[in-house]
Every structure is written in C-alpha cells, then in structure tokens.
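Trainee: give me a 3D structure for the following:
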Amino acid sequence: MSFELKRKNEKYIGEGYFEAKAINRNKTRVTGFLEINATGPMGTLANTLFKKAVQITDEEMTVAISSKLEEFTRK
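Mentor: Coordinates of the predicted model:
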C-alpha cells in the first residue's frame, strides 16, 4: 500500500505492507510494515511522534489480521 496525505502546510507520504505466510494448517506468520514521513515546517516533530504511533498501530493491525485468519481457519 502507499499513500499521500496533504494538509495546508504539510505533506505526509507513506507506504507499507502486510504479508501472511502459512507455516502449517494451524499457524500463519503475519509480517507488517508501515512508514510515514512528514514534510513541511513541522515535519521533524511529526516524524518523531509518528515513529512510536506507527509502531503501535502496526502491531495492532497485525494482531487484527491474525485474529481474522484464525476465524477463517475455524470455519
């Protein structure tokens, strides 16, 4: 996935992916990556704040995808 968000004086560019690989019938490895970079006058501050927020969001999204995969396996 990739995206570009624009505000009045700022621009956010990002990309990422989520990959699911079956280990066996009951186990799947999910890998997620998300990167956001801000430009503009507040870019440096925003990037510092994004670093922690993206890490938490990435982990939450990966867990959510894993849960959905488990639901499909049970059906």
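
Trainee: identify the bridge partners of residue 34.
Mentor: Following DSSP bridges, residue 34 is listed with bridge partners residue 16.

Trainee: what about the helices in the protein?
Mentor: 43-74 (DSSP state H).

Trainee: now the residue nearest to residue 33 when sequence neighbours are not counted: how far from residue 24?
Mentor: With sequence-adjacent residues excluded and distances taken as C-beta to C-beta, 6 or more residues apart in numbering, residue 33 is closest to residue 16, at 5.0 Å. Quick note: C-beta positions are derived from backbone N, CA and C, even for glycine. The gap separating residue 16 from residue 24 is 27 Å, by C-beta to C-beta, to the nearest Å.

Trainee: what does residue 43 give?
Mentor: 44 Å.

Trainee: one more: residue 39?
Mentor: Going from residue 39 to residue 24 by C-beta to C-beta gives 44 Å.

Trainee: of the two, who's got more company?
Mentor: Using other C-beta atoms under 10 Å as the criterion, residue 39 and residue 24 rank with residue 39 on top: 15 against 6.
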